[in-house]
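Visitor: return atomic coordinates for the entry below.
(2 chains)
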Amino acid sequence: MSSVRIVLPDNSVKNFDHEPTVLEVAQSIGPRLANDTVGGLIDDNPEVVDLRTKLKDGTRLKIVTTKSPESLEVIRHSAAHLMAQAVQELWPDVKVTIGPVIEDGFYYDFDSPRSFSPEDLEKIDKKMAEILKRDDPVVREDWPVEKAISTFEKMGERFKVELIRELEAKGEKTVGIYRQGENWFDLCRGPHVQRMGQIAATKTLSIAGAYWRGNEKNPQLQRIYATAFNSKKDLEEYLKNLEEAKKRDHRKLGKDLGLFYFHQYAPASPFFAPKGTVIYNQLQNFIREKYIEYGYEEVITPQMFDVDLFHQSGHYENYRENMYFSHVDDRDFSLKPMNCPAHCLLYQAERKSYRDLPWRIADFGRLHRYERSGVVHGLTRVRTFCQDDAHIFCRVDQLQQEIGGFMKMLDEIYKTLGMSNYVIYLSTRPAQRMGADELWDKAEGALEQALKSLNLSYTINPGDGAFYGPKLDIMFVDALKRPWQLGTLQVDFNLPNAFQLGYVGEDNKEHRPVMLHRAILGSLERFIGVYLEHTSGHLPTWLAPVQVALMTVTDRQLDYARDLKNKLRELGIRASLDERGEKLGYKIREAQLQKIPYMLTLGDKEMQNQTVSVRLKGGQVLDALPFATFAEKLLIEIQERRLESVFQTGPNLNQEAHNSSV
RNA sequence: GCCCAUGUGGCUCAGGGGUAGAGCACACCCUUGGUAAGGGUGAGGUCGUGAGUUCGAGUCUCACCAUGGGCUCCA
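Guide: Predicted coordinates for the structure are as follows:
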């Protein structure tokens, strides 16, 4: 018999007289390794294979153990089976469907006659722990399709039967069955652990409704989200991160910092309080400065239009579901859900020459979109909002340069805001779209070429484009590594057609411009929500609603404090003075919780010397310095939109401690 | 829109058929205190809305509204 050679990562070779499984290779190396084995990585394939996989001659194998990061996928997959087993042991009438691994965990969709409650999750956790203790071996069997169908049919597992029939239609003759313990098995292609005991830590997380195969028309199932880790420590760390994310929830921060509110009389429509409005306006000012720098002109366009406009633009046909309509004086109107049709009208208002292009017009117009009740969320998904929206009308040969200019502007803005971590997606034509395929080819090609010439890496998102054109989506990755879609650039050959837009070329002939839709922050509302979570409310001073909180040690210094407050305000610095007869420590605590960047504590010493004592929000206290010096330095920090305090001298040791104590 | 949960003073929450409770915030009084909560007194609520059951409904039932977690969809 010819020998089968398996190559290990250190290039050593193991010889077998048959095609060994991953586990057999591990056993040939050592019992400890074999005990911990949960799968293998073969050749250069990133996907973990089952430890029961038979390996061909010449395979390069890296064994995945419970200690390798790759094992998480296997462990979570098995944990999904574990959870399904636990649920069926608790409630035998519950039917199983599918249970995939997702980022940070897994879920399992159940078809259950009764709804799961939070108490049920506790029961499931207990049952899972109980099953883990049994440490049942996991065995793979290959069943002929007919046997699988008849078995699951007898069990009443109709969703499993549906899945097997699909596999059969694809030409499969056998299907994989994983058996754990005596009585429980599930259809699965693997990979799975050797023994259930290899799953070190699991925890159910939440209950949700979900449709079979993600389709609204299918039966609704009950999804249980859960996670599993290689060690109890990793699980605890993960749960701690979840807590951290909860603390940073922008809805909570918005309320705690007095930034914005909601009311049931205007669902999903934020009320920005004075403090929130400061952030809103500061961001707008910042973007406006960039507009001047990058050759944009700002415009103001109407809020409500005759519906005919949206017939012409195609929005009525493609976007009606999300639009607000009203009927007045026997005419149909709609609140604009986007600025672009209005900008096309404005483009037409004056005859354009090739010399006028590129024509870049920006609009902070308020938009209204009817979002379905279940999808709205804090500031990140609202029904009325304002984008840092602009449209660029240009010639096809200017496209590359405009895309380049956009990416540069975006990078500058994001860097200033401390958001250097972002990724680019290129979204291509969706199924429901307008315009000829040649136009789509052209538009998609232009975007891709621009990215390549800028040396920017990107990922293609097939079918995710807008109905009028392909787009670049900029995903910002926040401090907790969560991606958010903010910026976008969409190439549109269709709207200029719909509005018959034209310009007179050098050749004195009529040409059609290309239209770019673009935004950098996305919407101010969503941006503020995302940014609050990114910074956990610790805004750079130029954005902070209150920049300086003045506080006196006793009433004796009140006049001095009032004088300083006025001086700061004259300089355009947002200062507040707490005149209540509370103790200094009390006022500091309040300013700290409000995340105010600077506190000026004023006692007799300061008053006599005309100085201020500066306390940074991290807790660091500086030596008293003349008021003028303080104001001068602070102005620089604000005007230059610095991310770090100009007064910060060393690493801020207090910040962490304070953050965790409140 | 769909599934599930929640809705009690400005905020965070207790109370689960017999006519509303706490802490914080707010007002006033005492305290004038030097870097994260000094003490006292007081005011504040048609218990999301509307029907129903009941002698009696925050409390039970139903409908609606809003919010939250998901699904689907998106800036």
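
Visitor: contacts and neighbour counts: CA atoms only from here.
Guide: OK.

Visitor: who touches the spatially closest residue to A:S231 that is not a sequence neighbour in this structure?
Guide: Once flanking residues are discounted, A:S231 sits nearest to A:A200: 5.2 Å by CA to CA, 6 or more residues apart in numbering. For A:A200, the contacting residues are A:A228, A:F229, A:N230, A:S231, A:K232, by CA atoms under 8 Å, 6 or more residues apart in numbering.

Visitor: so what's A:A200 scoring on pLDDT?
Guide: pLDDT recorded at A:A200 is 88.

Visitor: one more: A:A657?
Guide: pLDDT, A:A657: 36.

Visitor: also the one 4 residues further on?
Guide: Per-residue confidence at A:S661 stands at 32 (pLDDT).

Visitor: equivalent analysis for A:F229, please.
Guide: For A:F229, pLDDT reads 91.

Visitor: kindly report the same for A:N566.
Guide: So, for A:N566, pLDDT stands at 96.

Visitor: ok, it to A:V278 distance?
Guide: Relative to A:V278, A:N566 is positioned 19 Å away (CA to CA, to the nearest Å).

Visitor: the more surrounded of these two?
Guide: Comparing A:N566 with A:V278 by other CA atoms under 10 Å, the one with more neighbours is A:V278, at 19 against 15.

Visitor: in which helix or strand does that one reside?
Guide: helix A:274-293 (DSSP states H and E).

Visitor: now find how far off-centre that helix is within its chain.
Guide: 23 Å (CA atoms, centre = their mean, to the nearest Å).

Visitor: is it up against RNA strand B anywhere?
Guide: No: Helix A:274-293 is not in contact with RNA strand B by CA under 7 Å from any atom of the strand; minimum separation 13.9 Å.

Visitor: what does that helix contact?
Guide: For helix A:274-293, using CA under 8 Å, 6+ apart, the contacting residues are A:254, A:258-260, A:297-298, A:362, A:388, A:409, A:524, A:528, A:542-546.

Visitor: gap between A:T380 and A:L235?
Guide: Taking CA to CA, one finds A:T380 at 29 Å from A:L235.

Visitor: likewise A:A390?
Guide: 45 Å.

Visitor: who has more neighbours, the two?
Guide: More neighbours surround A:A390 than the other of A:A390 and A:L235, with 25 against 18 (other CA under 10 Å).

Visitor: checking that one next. Helix, strand or coil?
Guide: Using DSSP: H, G, I helix; E, B strand; the rest coil, the secondary structure recorded for A:A390 is strand.

Visitor: what about the strands in the stretch 1-150 of chain A?
Guide: Here the stretch 1-150 of chain A has its strands, by DSSP state E, counting those that start in this stretch, at A:4-7, A:13-16, A:37-42, A:61-65, A:95-96, A:101-102, A:105-111, A:138-144.

Visitor: looking at chain A, which helix or strand does the model trust least?
Guide: helix A:654-661 (a mean of 36; mean pLDDT, DSSP states H and E).

Visitor: you'd agree A:D104 is up against A:D234?
Guide: No: using CA atoms under 8 Å as the test, A:D104 is too far from A:D234 to be in contact (11.1 Å).

Visitor: tell me which parts of the stretch 401-550 of chain A are close to RNA strand B?
Guide: A:A466, A:Q485, A:L486, A:G487, A:T488, A:G522, A:S523, A:E525, A:R526.

Visitor: hmm, 10 Å instead?
Guide: Contact residues, the stretch 401-550 of chain A versus RNA strand B (CA under 10 Å from any atom of the strand): A:430, A:432, A:463-467, A:471, A:473-475, A:484-490, A:518-527.

Visitor: check what pLDDT the closest residue to A:E510 other than its chain neighbours gets.
Guide: Leaving aside its chain neighbours, A:E510 sits nearest to A:V504 (4.9 Å; criterion: CA to CA, 6+ apart). Listed pLDDT for A:V504 reads 97.

Visitor: got the contact list for A:V504?
Guide: Applying CA under 8 Å, 6+ apart, the residues near A:V504 are A:K352, A:S353, A:Y354, A:E510, A:H511.

Visitor: number of nearby residues for the residue of the stretch 401-550 of chain A found nearest RNA strand B?
Guide: Nearest to RNA strand B in the stretch 401-550 of chain A, going by CA to the nearest atom of the strand, is A:G522, at a distance of 3.9 Å. Here the number of neighbours of A:G522 (other CA under 10 Å) works out to 19.

Visitor: not counting sequence-adjacent ones, nearest residue to A:G522?
Guide: Excluding its sequence neighbours, the residue lying closest to A:G522 (CA to CA, 6+ apart) is A:L486, at 4.5 Å.

Visitor: quick check: neighbours of the helix or strand hosting the one you found in the sheet, parallel or antiparallel?
Guide: Per DSSP H and E, A:L486 falls inside strand A:483-492. Strand A:483-492 pairs in its sheet with strand A:471-477 (antiparallel), strand A:514-523 (antiparallel), by DSSP bridges.

Visitor: what does that strand contact?
Guide: A:403, A:410, A:443, A:447, A:466, A:468-478, A:514-523, A:526-527, A:530.

Visitor: about what we covered before: need the buried ones from the residues of the stretch 401-550 of chain A next to RNA strand B selected in ChimeraX.
Guide: Burial among those is assessed by 16 or more other CA atoms under 10 Å; the matching ChimeraX selection reads:
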select /A:430,464,465,466,467,471,473,474,475,484,485,486,487,488,489,490,518,519,520,521,522,523,524,525,526,527
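
Visitor: now the strands for the stretch 401-550 of chain A?
Guide: A:422-427, A:458-461, A:471-477, A:483-492, A:503-504, A:510-511, A:514-523, A:548-552.

Visitor: pull the CA atoms of the fourth one into PDB?
Guide: Just to be clear, that refers to strand A:483-492. C-alpha atoms of strand A:483-492 as PDB (Å, rounded to 0.1, in the frame of the first residue of the first chain):
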ATOM      1  CA  PRO A 483     -18.700  49.600  11.600                       C
ATOM      2  CA  TRP A 484     -21.100  52.400  10.700                       C
ATOM      3  CA  GLN A 485     -22.000  53.700   7.300                       C
ATOM      4  CA  LEU A 486     -21.600  57.400   7.200                       C
ATOM      5  CA  GLY A 487     -20.100  58.800   4.000                       C
ATOM      6  CA  THR A 488     -21.200  57.900   0.600                       C
ATOM      7  CA  LEU A 489     -20.600  58.900  -3.000                       C
ATOM      8  CA  GLN A 490     -23.000  57.900  -5.700                       C
ATOM      9  CA  VAL A 491     -22.500  58.200  -9.400                       C
ATOM     10  CA  ASP A 492     -25.700  58.900 -11.200                       C
END
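
Visitor: show me how far that strand is from its chain's centre.
Guide: On the basis of CA atoms, centre = their mean, strand A:483-492 sits 13 Å off its chain's mean C-alpha point.

Visitor: ok, stretch A:512-519 next?
Guide: Here stretch A:512-519 is found 26 Å from its chain centre; the criterion is CA atoms, centre = their mean.

Visitor: go on, stretch A:273-284?
Guide: 23 Å.

Visitor: pull it out as PDB, backbone CA atoms only.
Guide: The C-alpha trace of stretch A:273-284 is given here as PDB (Å, rounded to 0.1, in the frame of the first residue of the first chain):
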ATOM      1  CA  ALA A 273     -32.000  70.700  23.100                       C
ATOM      2  CA  PRO A 274     -29.700  73.800  23.200                       C
ATOM      3  CA  LYS A 275     -26.600  71.700  24.100                       C
ATOM      4  CA  GLY A 276     -27.300  69.200  21.300                       C
ATOM      5  CA  THR A 277     -27.800  72.100  18.900                       C
ATOM      6  CA  VAL A 278     -24.400  73.400  19.700                       C
ATOM      7  CA  ILE A 279     -22.800  70.200  18.500                       C
ATOM      8  CA  TYR A 280     -25.100  70.200  15.400                       C
ATOM      9  CA  ASN A 281     -24.200  73.700  14.500                       C
ATOM     10  CA  GLN A 282     -20.500  73.300  15.100                       C
ATOM     11  CA  LEU A 283     -20.400  70.300  12.800                       C
ATOM     12  CA  GLN A 284     -22.200  72.300  10.200                       C
END
